[in-house]
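[1] Below are the sequence and a predicted model; questions follow.
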Amino acid sequence: MGGNMTISRSMVALLLISIAMVVSPAVNSLPTGVNYDQISAGGCNCHAAAPNAAVMVTLDGLPEEYNMSEIYQVTISFTGGPSAEGNANLGGFNLWASGGEITPLDATVQSNGPSEVTHTEAGNDYTSWSIEWIAPSHGRDVDFVVHVNSVNGDGNAGPEDQWNKLTLKVAGSLGPGLEEADPYKVLATLIIISGILLAITVLYGFYRTNPDVFDWEHLAPWLTEWLTSTDHKKIGTLYFVQGLFFLGIGGILAMMIRIQLAVPGNDFISQDQYNSFFTLHGTTMIFLAAMPLINGFANWMVPLQIGAPDLAMPRLNALSFWLQPFAALLIFTGVFTGEGADTGWTGYAPYIVTEGAHTGVTMWVAGQIMLVASSTLTGINFLTTMAVMRAEGMGWMQMPLFTWSILVANLMLFLSIPAFGVGLIQVYLDRTISTAFYDISAGGDPLLWSHLFWYFGHPEVYVVIVPAFGVISEVLATSARRSIFGYRSMVYAMAGIGVVAFIVYGHHMFTSGMSPSLRFVTMLTTMLVAVPTGIKIFNWLKTMHGGSLVYRTHTLWALGFLVTFTLGGISGMFFPSIAMDTHLHETYFVVAHFHYVLVGGTVFGFFSAIYYWYPKMTGRMLDERLGTLHFLTAFVTYNGIFWPMHRLGVVGMARRHHTYFITTDDFTNLPEWAADWNLFISVSAFLFFFSNFIMVANMLISLVRGEKAPADPWGGWSFEWMTSSPPPTPSFDWDNPPVLKDANEHIAHEPGRLGQWFNRLMVPEDHEEVSH
Amino acid sequence: MSLITPLYDSLWNEYLVWSLLVALFTFGWLYHHSFFYRSEDGENPNVDDLEVGVFPAHYDDLKLELAWTIVPFMLIVYLTYISWAPLDNVWSSPNDGYFGNECDYDSTEYQTYGSNLYFDDDDGLKGAYHANCYHTIEITAKQWVWSFDCGTLEVELCESGFTEADGRAVPHLSLQAGNAYLAYMTSEDVTHAPWFVSLGVKEDVLPGQTTTVWILAEDVEDFLLLCTEYCGDDHAYMMAGVTIHA
Amino acid sequence: MSGDYDHDHHAPQPWGPHDWGHGAPHNSFSPLFMSMGIAIFLFGMAEAWSYGTYNPGNIPMILVGLLVVGFSIFIWWRQDLSFDGHYEPIATGVPFRGIQIRKVGVWVFLMSEMMVFTSLFSTYMRYRLGIENCGTVFERGMFDPVTNPTGWQEGVTVTCFEPASHLIASSWWHIAPGAINTFALIISSFTIVQALRYAKMPDLDDEVRRKKVYRYLGTTWFLAILFLTLKMVEWFIGFYVPEISAIGLHEHDIISLVDEGYTINADHYQHHSYVDEATGAHMVADIQVSASLFYVTTGTHGAHVAGGIIGLSYMTYKAWLGGYTPKNAVSIEYFGLYWHFVDLIWVLVFPFFYLY
């Protein structure tokens, strides 16, 4: 695992440098020394922007190949540049070595760390400096980097000064140190390790199912069944496991981010690591956690709810699922090699196609292409299923609301994701065979990517929230023992959200340099989103009216959802107001908002779904006390994480920054209390992270010794509560297929005017082929 | 002392009031119903006679549903209306807009009044910034350094250089309070966005294109300018010091 | 049809062949392998090319990926070959009641395909309308500091949009491959419908039906191959026009687009007409964006044709075995819907990229 060694080494080095920064009193003031960290941040930008070849740097006294632990006298000197006899100052330097110890010999040089030195204020008056290097004992090659400033002596660091750098390698008797990891090897290693881990888990799962027949003859068909199954319930379970697994991975990434941000100026992880972690946190949570969780429930419940035997195209359904784990492998490949994708989940052009972006970006794009394929197939399958396989008696307006939400979500996803796919293919080709879609010098347009991305990206965020609406509609109505208030307006509101989703995406580009008239139009449309969501919230509230509300865990989560989602909706209203958005865009206010709707909305909604449908899926009841504990801890800590972020964003904390700056003497940035709140957020984040393991434990415990679940534990009305828990295969008795009755006789069964028109249009001439 | 700028604050405060009202209404309703309609057994009252396999009886009320379609819609229209007015100010035209034309430094008018930026509380719904004329500066971004070009402006009006913030050498821009500036911005490599934190404005800087942003230096203050469009490794360090002096 | 949905209680056959008498295939290794193959393929591609730098050591990886995908398709077909129409799920929901479910699925699929090409055309329109046309730049004439400050200069690259049609439409011979292709696709749409017609025809001798169906499918297959071949000729190979003086033809070569310099990395492209008559100076253009657009859009369409060829190969084979009867002829219709769509897209691509 060479990658990890390198990472931990660089972390130790960074830690040492930061200790040195704290210890060394004068590192912050420029005339008295240059800090290597500062140089690496942007060239030697303290003195002019770019290196100048006029400055000649030499490093004398180093051997070709060093002897371990021997002491060498080294001289750093330079000629050229504006430095001249008689100037007040002549120049400065910084020397950094990847190994060994460097010690100053006189007062012109000071130590910046064990293997870094720079000039002192007195050393400003020289053009050469001497130091002592104690060679390391490990015998590996050592790199030296020396930066030299040649100054004109006017006392100001400015562009008139010139600088240059020199890098040198001193061979060790044992040759080079750890090589850069080969992506193939690392990938292979990881596949093997994950494979072994998975195998152990699966074996244990198999053992638990039936401890008596733990042998290959029974294991092989069991495994084959899971790998090849096209049964919607099995695939639903696979999705569900994948979703929870990646929810954990995304959570770990979030914890890394929170450790880094716990205190200002932290260097727990380096900036490039931080950048790939937040990129992968976003990608993982949206595409590999939220969407598979939704698909897990959709796979399980949609066919049951509409009384269908399976999805329309079961084999394609299996393909939709299997594309996901392999896509995940590709997406994470970059991280394993230490070059994780670092573009943000939005992957803005032209950064995404520049060579400055990590090499892992190509793999990330490749993985995303596979996810696009997966989502497209899922869309085909679900849309077809819901359009054609509803049970006798179930018209469009008798579909359960969860099914409706999946229909709306898939329609949105299905019509928007091709744009993303095309954009990704363009980027993939740009990065591999060097096409020029986003090559700015050849006339490429960075905004084109933004349009293609957000045309998909905005519907996408509704794709993950709308199914949660469906869940809450089911859960609240069942918990209050009422039919949902305003079923029809619920459906229209959802459809309205689906339509509006396509015309509001410009609000992500309010500060993008896009034409102001376009921004203004999307400001108007974005405001509209509040209307259908408002209808839904008020309908949910009214549903409870006159009902018989019982507090079960899923009810708690649904009520919690109402609180957090409403808050997220309200904070969302601040963005379309462009005069405010120019301040709020890309700050923690945005982070707070979208976590309020994505965690407080989607995740809470699906936690509710887990407690609601778990008995149906496994035939075991979950423990209510553990569930309540999970809700209380998670709800409180969740708000502890994201509520303070609103304020932090307004006072000036920008998102996607690996560090933040508390007000210094010179410049105001964040007030001092911002650091305290960040620490508070980090602590809350850890508590939230761990509180969710209560739910995982609850599920595992109930699998083994949970109470047996009845067919309809909560009193729901839709078809899934008709079959036993867990449902048999086939789910219903097909000699006696389910028929939906309607308590509203006057409108039952008859297709509407539109339906009749479609019927005339669609029914084939040869009726005898049709069987009912 | 305003939170960000008077323009931002007037909107922010009004939005906050409406948010509180909506939240109070919703949460009050939620709180009341979740306790008032509790039931021990979940069966009584059984208003809608739910039954498995039967689509439940409709429970709706067209008047109510219309009410909470129309009332929020009216609120939305109102919020849009008040957000609309400041847009002219945010995107004011460089020719005879809120900030006049580019300053003619030789004219007596300029020599008498200067740029004269001020905030007029009574202009329109939310007030507006006005100026006699504005100065032009250029901002160029590249990974991960800002560079400011004051052109031919006097040092008093605009000065660029380097300074130190949080232990780093960073570019520095010094502007004079009471002046309006129009920045023409472009990027040499990837997309960046300068965020003038205390002025509440940001705008993307795109390679191969020129974007503009109004810098309305009203109060005397020092603040950090941050990059707010992700641009690679040292994105967080891509900052600059901004000083608005008297 | 109620019994059709029963589980296959006999040994499940995830490798195929499948006994369709027991209903829908309940197990298949195909999805697993296909996903694996696609991942390996994309991984290999990304390793083999980096910003136009080619690293041949990774070609085996790409081949492995393609092999695995091919293997998964083989499993899929092996399961499908025995499909005789006994199990064909029929829609129960309004408004599609009575229609084959998979037909609805194909239509839904075409909706997303429509969006794919819409996105590509959006990109095209953005650049076509947003970047100045090379012809317009050329017509402005040569640079002169006083009389023509916006003109072009010898040796200074102009960034502009150069539609492929400028080359292609410059001579009838250059446009010939595209024109023939258009007719090839339109005819193939006809032949696929003929195949469907004979497969569906109720009172037809089995042997006659077999011959008719496989011959029409084979023709379609041949026309699709012709399409891609001519595409390769037009892109990479070029062709030779013989001397036929009777109709005024003179011997010459038609040079392929790539040989003309119309490539995705053409930052010094020079069309033969971009020469100033007075001075003989050349205008040099950076046309990478336009070339990328041309190759990727027509290439995406080409990939759809290639996908169709894979499907057609299998269907022709199945038809040759006599696998299509009126009961399962609707399978040909599913493919036909897709094929018509590909045809229709070409009818849009052709004018936008070849003529205009």
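    Here it is on my side, so go on. This structure is a prediction, so every number in the text was calculated from the model and none was measured.
[2] residues near the nearest residue to B:Leu125 once chain neighbours are set aside, how many?
    Ranked by C-beta to C-beta, 6 or more residues apart in numbering or on different chains and with sequence neighbours excluded, the top spatial neighbour of B:Leu125 is B:Ala85, at 4.6 Å. In short, each C-beta sits where N, CA and C put it, glycine included. As a burial measure, B:Ala85 scores 18 neighbours (other C-beta atoms under 10 Å in any protein chain shown).
[3] per-residue confidence for B:Ala85?
    B:Ala85 carries a pLDDT value of 84.
[4] pretty sure it is touching B:Asp123, no?
    No. Counting by C-beta atoms under 8 Å, B:Ala85 does not reach B:Asp123; the two are 9.1 Å apart.
[5] all helices for chain C, in order.
    C:30-48, C:59-80, C:101-130, C:134-139, C:164-168, C:172-200, C:206-232, C:288-320, C:330-349 (DSSP state H).
[6] So for B:Leu153, which of these sits nearest?
    helix C:101-130 (33.4 Å; C-beta to C-beta).
[7] Kindly compare burial across the helices of chain C and name the winner.
    Mean neighbours per residue, mean count of other C-beta atoms under 10 Å in any protein chain shown, is largest over these for helix C:30-48, with a mean of 23.
[8] And that one, how far out from the chain middle?
    20 Å (C-alpha atoms, centre = their mean, to the nearest Å).
[9] cool, and stretch A:477-491?
    Distance, centroid of stretch A:477-491 to centroid of chain: 33 Å (C-alpha atoms, centre = their mean).
[10] for stretch C:229-245, same thing?
    20 Å.
[11] Let me see the mean pLDDT of that stretch.
    Taken as a whole, stretch C:229-245 carries a mean pLDDT of 84.
[12] Which residue, other than its chain neighbours, is closest to A:Gly640?
    A:Ser684 (3.3 Å).
[13] so what does the helix or strand harbouring that neighbour touch, helix or strand wise?
    Using DSSP states H and E, A:Ser684 maps to helix A:673-705. Secondary-structure packing of helix A:673-705 (3 or more C-beta pairs under 8 Å, 6 or more residues apart in numbering or on different chains; DSSP states H and E): helix A:232-261, helix A:604-618, helix A:624-651.
[14] Then B:Thr136 would be within a helix, right?
    No. Assignment of B:Thr136 by DSSP: H, G, I helix; E, B strand; the rest coil gives strand, placing it outside any helix.
[15] just how off-centre is stretch A:141-155 within its chain?
    Taking mean C-alpha positions (C-alpha atoms, centre = their mean), stretch A:141-155 and its chain are 40 Å apart.
[16] Give the buried residues for it.
    Residues of stretch A:141-155 classed as buried: A:Asp141, A:Val142, A:Phe144, A:Val145, A:Val146, A:His147, A:Val148, A:Asn149, A:Ser150, A:Val151, A:Asn152, A:Gly153 (neighbour count, 16 or more other C-beta atoms under 10 Å in any protein chain shown).
[17] Could you dump these into a markdown table and include secondary structure?
    A markdown table is the format used below for the buried residues of stretch A:141-155 (three-state DSSP):
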| residue | secondary structure |
| --- | --- |
| A:Asp141 | coil |
| A:Val142 | strand |
| A:Phe144 | strand |
| A:Val145 | strand |
| A:Val146 | strand |
| A:His147 | strand |
| A:Val148 | strand |
| A:Asn149 | strand |
| A:Ser150 | strand |
| A:Val151 | coil |
| A:Asn152 | coil |
| A:Gly153 | coil |
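[18] Break the chain into its domains for me.
    You didn't pick a chain, so chain A it is. For chain A, the structural domains run A:2-170, A:184-228, A:229-705, going by automatic domain parsing.
[19] You answered for a different chain; I wanted chain C.
    C:1-87, C:163-355.
[20] With distance to A:Leu632 added, can I get these in CSV?
    Shown next, in CSV, are the domains of chain C (distance: least, C-beta to C-beta, whole Å):
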stretch, distance to A:Leu632
domain C:1-87, 40
domain C:163-355, 53
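[21] Can you flag the weakest of those by average pLDDT?
    domain C:1-87 (a mean of 80).
[22] can that domain be found next to chain B?
    No. Using C-beta under 8 Å from any C-beta of the partner chain, domain C:1-87 stays clear of chain B, coming no nearer than 15.2 Å.
[23] how distant is the longest helix belonging to chain B from the center of its chain?
    For chain B, the helix with the greatest residue count under DSSP H is helix B:6-36. Per C-alpha atoms, centre = their mean, the displacement of helix B:6-36 from the mean C-alpha position of its chain is 21 Å.
[24] same question for the following helix or strand past that helix, mean pLDDT?
    For helix B:6-36, the following helix or strand on the C-terminal side (DSSP H and E) is strand B:54-55. If you average the pLDDT over strand B:54-55, you get 90.
[25] quick one: is strand B:54-55 near chain A?
    Yes. Residues of strand B:54-55 contacting chain A under C-beta under 8 Å from any C-beta: B:Val54, B:Phe55.
[26] which residues touch that strand?
    Strand B:54-55 has contacts (C-beta atoms under 8 Å, 6 or more residues apart in numbering or on different chains) with A:Met394, A:Gln398, A:Trp717, A:Leu740, A:Lys741, A:Asp742, A:Ala743, A:Asn744, A:Ala748.
[27] can you count the residues close to the residue nearest to the fourth one when sequence neighbours are not counted?
    What that stands for is A:Leu740. Closest residue to A:Leu740 apart from its sequence neighbours, by C-beta to C-beta, 6+ apart: A:Gly393 at 3.7 Å. A:Gly393 has 17 neighbours, counted by other C-beta under 10 Å.
[28] right, and A:Gly393 touches A:Val739 too?
    Yes. With contact defined as C-beta under 8 Å, A:Gly393 counts as touching A:Val739 (4.9 Å).
[29] residue ranges for the strands of chain B, please.
    Per DSSP state E, chain B carries strands over the ranges B:54-55, B:101-102, B:118-120, B:128-130, B:133-142, B:145-149, B:158-165, B:168-176, B:179-187, B:194-196, B:201-202, B:211-217, B:221-227, B:239-245.
[30] on that earlier part again, check what pLDDT the residue nearest to A:Gly640 gets.
    96.
[31] Number of residues surrounding the residue nearest to A:Arg481 when sequence neighbours are not counted?
    Closest residue to A:Arg481 apart from its sequence neighbours, by C-beta to C-beta, 6+ apart: A:Ser548 at 4.4 Å. Under the neighbour criterion other C-beta under 10 Å, A:Ser548 is assigned a count of 21.
[32] Relative to chain C, how far out is A:Ser548?
    Per C-beta to the nearest C-beta, to the nearest Å, A:Ser548 is found 33 Å from chain C.
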